[in-house]
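> Build me a structure from this.
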Amino acid sequence: MQEFKITDEIKNLDLTNIRSNLFHYKYDNKYLKNLYTKDGTLKEESKESPTYHSFKGEVFENIIYEHLLRFAQNNDEIKRFILKGPHQNKNNIFKKNGLLIDKGAQIVYKSVYKDISEFDALFFTKDSIFFVEMSKSKKTSGLNKRLFKKFALLKLLFPSFEIKALIVLTQGSIGLSRFPDYCTIWITKEFDDEQILKELILNKERKEALVEYKDKKFIEAINVRYKKFSYFETLEWILHKSRAHQTHAVDLSFFKCKKLFLYFDIFTKLYIGFITIKDFKQLVPYEGDVKDNRVIVTIEKINQKKFEIVYYLRQTNHKLKRVSYSKEKLSIEDKDPEGFTNKETRFISKILLPEHRLLIKNINNLSKKLEEKYLVSL
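Residues are numbered from 1 along each chain as shown. Predicted structure coming up:
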């Protein structure tokens with residue numbers, strides 16, 4: 001699908017009409033200046049440094065965003081376009097939850113003060129919303145995987161809109177045929193303009209006035225209307241609903257509807273109850289300690305065709321472990337103390353009731369059905 005045709009200006013990364021605006025974006029020049037010698041020459045070792053490559057990616061994103069502003073201004077099909085970076089109203093940066101522009105000037109959807117997803121750009125046509133992803137990396141598999149969560153979140157926030165994506169890559173990128181049908185793909189020339197990179201690092205303070213976009217189609221994220229998505233309330237609803245069947249311990253058929261597959265793409269795992277340590281150790285050859293007499297049980301989406309039972313337990317030192325046991329292979333993973341999973345499991349632990357306990361036979365039955373592909377993403 002090619003909804004919009006790339007212009008020559010964008011394809012060639014022409015800076016003629018956007019160059020001055022690039023100096024209005026925030027860059028961490030303190031460390032970037034170390035990439036150059038005192039006479040302003042890029043050090044040989046700097047050309048391959050992660051810092052330099054990261055900065056190039058950041059500038060590439062800003063270049064494409066500036067071009068998209070011009071593209072939107074001249075395209076009647078685009079009805080609304082969300083402003084970010086130096087174009088946003090600075091009075092709107094204090095919002096803490098929902099669709100907003102964060103301190104890094106990125107478009108994000110936040111819940112409980114944490115980013116659920118980030119978008120390089122967002123714009124609306126008459127009946128669709130486009131999210132934009134930009135990358136100068138030649139490998140696209142990671143980008144492709146991230147699309148599922150972004151698509152699912154937008155589908156929940158804007159249920160009446162068709163969700164589409166604009167993917168902007170550089171020449172030589174691979175895996176293009178693997179992108180979903182809702183993607184329009186633009187290919188630009190390789191970004192290797194060392195002169196603009198040097199100026200942005202060493203001469204950042206020299207600015208011309210920002211070229212602003214004041215047409216009514218250019219809007220603030222804070223003014224976008226969308227359906228509320230409550231992160232923890234949704235997890236709680238799923239837990240209770242999945243355990244409400246009169247005869248089945250866990251209602252797997254509940255997870256087969258389109259909306260639940262969207263939740264799998266957002267959360268990755270959905271919580272279905274707990275199992276006692278004694279039962280857990282009969283199912284899984286785990287030798288470590290466990291803080292409480294229960295282990296949280298989830299159904300986790302491994303990929304588009306594979307779902308598994310995955311356990312989460314907290315050790316006596318309060319560290320959270322992700323434990324899976326499939327085909328006699330044990331996997332144990334430490335979880336980030338500040339990550340979403342830690343917050344989720346603390347929340348779930350507080351709302352678990354005795355009736356949410358799962359028995360060994362329940363786990364075995366669920367595992368068998370999941371192995372038989374009872375759940376497969378739509």
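> Enumerate every residue touching residue 369.
Shown in contact with residue 369 (Cβ atoms under 8 Å, 6 or more residues apart in numbering): residue 252. In short, each C-beta sits where N, CA and C put it, glycine included.
> which residues in the stretch 1-150 of the chain form helices?
Counting by DSSP state H, counting those that start in this stretch, the stretch 1-150 of the chain has helices at residues 8-11, 29-32, 50-73, 141-157.
> Check the stretch 151-300 of the chain too.
Under DSSP H, counting those that start in this stretch, the stretch 151-300 of the chain gives helices at 194-202, 231-242, 258-267, 277-283.
> will you turn the ones you listed into a markdown table that also has distance to residue 174, mean pLDDT and mean neighbour count?
Below are the helices of the stretch 151-300 of the chain laid out as a markdown table (distance: least, Cβ to Cβ, whole Å; pLDDT from 0 to 100; neighbours: other Cβ atoms under 10 Å):
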| stretch | distance to residue 174 | mean pLDDT | mean neighbour count |
| --- | --- | --- | --- |
| helix 194-202 | 25 | 90 | 16 |
| helix 231-242 | 35 | 95 | 16 |
| helix 258-267 | 24 | 94 | 18 |
| helix 277-283 | 41 | 94 | 16 |
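> Let's have the ones you listed in a markdown table, adding distance to residue 85.
What follows is the helices of the stretch 151-300 of the chain, written out as a markdown table (distance: least, Cβ to Cβ, whole Å):
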| stretch | distance to residue 85 |
| --- | --- |
| helix 194-202 | 14 |
| helix 231-242 | 26 |
| helix 258-267 | 26 |
| helix 277-283 | 49 |
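> Which among the ones you listed is found nearest to residue 56?
Ranking the helices of the stretch 151-300 of the chain by distance to residue 56, with Cβ to Cβ as the measure, places helix 194-202 first at 6.5 Å.
> Lowest mean pLDDT across the helices of the stretch 1-150 of the chain, which one is that?
When the helices of the stretch 1-150 of the chain are ranked by mean pLDDT, helix 29-32 comes last with a mean of 78.
> other SSEs contacting it?
Here helix 29-32 touches helix 50-73, going by 3 or more Cβ pairs under 8 Å, 6 or more residues apart in numbering; DSSP states H and E.
> which of the residues in the helix it packs on are buried?
The neighbour-count check on helix 50-73 (16 or more other Cβ atoms under 10 Å) flags 52, 55-56, 59-72 as buried.
> how far does it sit from the chain's center?
18 Å (Cα atoms, centre = their mean, to the nearest Å).
> could you give the angle of it to helix 194-202?
110 degrees (axes from the mean of the first three to the mean of the last three Cα atoms, to 10 degrees).
> And for the helix or strand bottoming out on mean pLDDT in the chain, what's in contact with it?
Every helix and strand in the chain was compared by mean pLDDT, DSSP states H and E; the lowest is helix 29-32, with a mean of 78. Contacts to helix 29-32, defined as Cβ under 8 Å, 6+ apart, come from residues 51, 52, 55, 201, 204.
> The second one contacts residue 43, correct?
Meaning residue 52. No - using Cβ atoms under 8 Å, residue 52 is not in contact with residue 43, being 9.3 Å away.
> intersection of neighbour lists for the two?
The contact sets of residue 52 and residue 43 overlap at residue 35 (Cβ under 8 Å, 6+ apart).
> In CSV: the contacts of helix 29-32, plus distance to residue 234.
Below are these laid out as CSV (distance: Cβ to Cβ, whole Å):
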residue, distance to residue 234
51, 38
52, 41
55, 37
201, 43
204, 43
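> quick check, nearest of those to residue 37?
The shortest approach to residue 37 among the contacts of helix 29-32 belongs to residue 201, at 12.4 Å (Cβ to Cβ).
> roughly how far apart are the closest one and residue 30?
Applying Cβ to Cβ, to the nearest Å, the value for residue 201 to residue 30 is 10 Å.
> Bridged to the spatially most central residue of the chain, which residues?
Nearest to the geometric centre of the chain sits residue 117, at 3.8 Å (Cα atoms, centre = their mean). Using DSSP bridges, the bridge partners assigned to residue 117 are residue 109.
> quick one: it and residue 151 touch, right?
No - using Cβ under 8 Å, residue 117 is not in contact with residue 151; the gap is 9.7 Å.
> What about residue 41, how many residues nearby?
Counted with other Cβ atoms under 10 Å, the neighbours of residue 41 add up to 10.
> would TSV of the helices of the stretch 1-150 of the chain with distance to residue 195 be doable?
Listed next are those as TSV, based on distance: least, Cβ to Cβ, whole Å:
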stretch	distance to residue 195
helix 8-11	18
helix 29-32	15
helix 50-73	12
helix 141-157	28
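> Tell me which of those helices lies nearest to residue 285.
helix 141-157 (30.2 Å).
> ok, now which ones touch residue 268?
Counting by Cβ under 8 Å, 6+ apart, residue 268 touches 300, 301.
> Next, it: phi, psi?
The phi/psi pair for residue 268 (degrees, to the nearest 10) reads phi 70, psi -50.
> Tell me how far it lies from residue 178.
Counting by Cβ to Cβ - residue 268 and residue 178 are separated by 20 Å.
> Please apply the same query to residue 302.
Separation of residue 302 from residue 178 (Cβ to Cβ): 18 Å.
> In this structure, where is pLDDT below threshold?
1, 91-94, 113, 204-206, 377-378 (pLDDT under 70).
> rerun that using 80 as the cut-off
When residues are selected by pLDDT under 80, those of the chain lie in 1-2, 28-30, 90-96, 103-104, 112-114, 203-207, 376-378.
> Tell me which residue of it is furthest from the middle?
residue 39 (40.5 Å).
> and that one, what does it touch?
No residues are in contact with residue 39 under the rule Cβ under 8 Å, 6+ apart.
> Please determine how far it is located from residue 318.
Remark: distance between residue 39 and residue 318 (Cβ to Cβ) = 53 Å.
> How about residue 286?
Separation of residue 286 from residue 318 (Cβ to Cβ): 17 Å.
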